[in-house]
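Asks: Pasting a predicted model and its sequence here:
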Amino acid sequence: MGKIQVVGAIILRDHQLLAAKRAANRTLGGYWEFPGGKIEPGEAPEAAIVRELQEEFGAQATAYQKFDIDGVAELTIGEIMLHCYYVRLDSGITKTVAHDELRWVNADEALALQWAPSDVAVIEALSKTGFNYEY
Ligand SMILES: Nc1nc2c([nH]c(=O)n2[C@H]2C[C@H](O)[C@@H](COP(=O)(O)OP(=O)(O)OP(=O)(O)O)O2)c(=O)[nH]1
């Protein structure tokens, strides 16, 4: 099965991360994840993040630096390659269409959530940064 290239947004505010719980009816329903989604053919990862945040949250966003740890997981649908970027929200969140819950969490709280398999290594590395990032 092919590789599925996915982008995830690391959205921080006051040393807290915006974690999103996938809607129960979706692939990996109930798992926590970085907001984002699949990269479309020919699309730049930064553009995919901006598009997904518009589609899923009705929010304007700017993608910054890529996080240096990628996530990988073998799922029945294929091999997920998760690429995460620091993202700044430039507007409020006006809707949620793909998630059952959004939650701002500090590093300890983030580690206690049940993340999608490909996200676990990323969250472990990210929590060591103390959720510090200057946009
Ligand atoms: N957005 C996001 N997706 C992730 C993460 N980790 C992870 O394994 N995934 C998986 C779940 C999905 O199979 C895929 C992202 O696709 P997507 O969110 O665009 O899902 P989709 O619209 O195709 O919806 P679905 O049919 O898969 O439910 O990557 C993550 O942190 N964020």
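Replies: Arrived safely, thanks for sending.
Asks: which element is whatever residue of the chain ends up closest to the ligand on?
Replies: Of all residues in the chain, G37 sits closest to the ligand, at 2.8 Å by Cβ to the nearest ligand atom. From N, CA and C alone the C-beta is placed, and that goes for glycine too. Using DSSP states H and E, the element containing G37 is strand 36-38.
Asks: Can you verify V7 is assigned to a strand?
Replies: Yes - remark: V7 belongs to a strand, assigned using DSSP: H, G, I helix; E, B strand; the rest coil.
Asks: That one: neighbour count?
Replies: For V7, the number of neighbouring residues by other Cβ atoms under 10 Å comes to 28.
Asks: Next up, the contacts around it.
Replies: Counting by Cβ atoms under 8 Å, 6 or more residues apart in numbering, V7 touches G36, G37, I39, P45, A48, I49, E52, L82, H83, C84, Y85.
Asks: could you flag which of those residues are buried?
Replies: G36, G37, I39, P45, A48, I49, E52, L82, H83, C84, Y85 (16 or more other Cβ atoms under 10 Å).
Asks: For H83, see how far away the closest residue to the fourth one other than its chain neighbours is.
Replies: Distances taken as Cβ to Cβ, 6 or more residues apart in numbering place V7 nearest to P45, at 4.9 Å, with adjacent residues excluded. Taking Cβ to Cβ, to the nearest Å as the measure, V7 falls 5 Å from H83.
Asks: Can you work out which residues contact both of those two?
Replies: Any residue near both V7 and H83 by Cβ under 8 Å, 6+ apart counts here, and that gives P45.
Asks: Neighbouring strands of the one helix or strand W104 maps to in the sheet, and parallel or not?
Replies: Element membership for W104 (DSSP H and E) is strand 99-105. Strand pairing for strand 99-105, determined by DSSP bridges: strand 16-22 (antiparallel).
Asks: By neighbour count, which bits of the partner strand are buried? Give me those.
Replies: Quick answer for strand 16-22 (16+ other Cβ under 10 Å): Q16, L17, L18, A19, A20, K21, R22.
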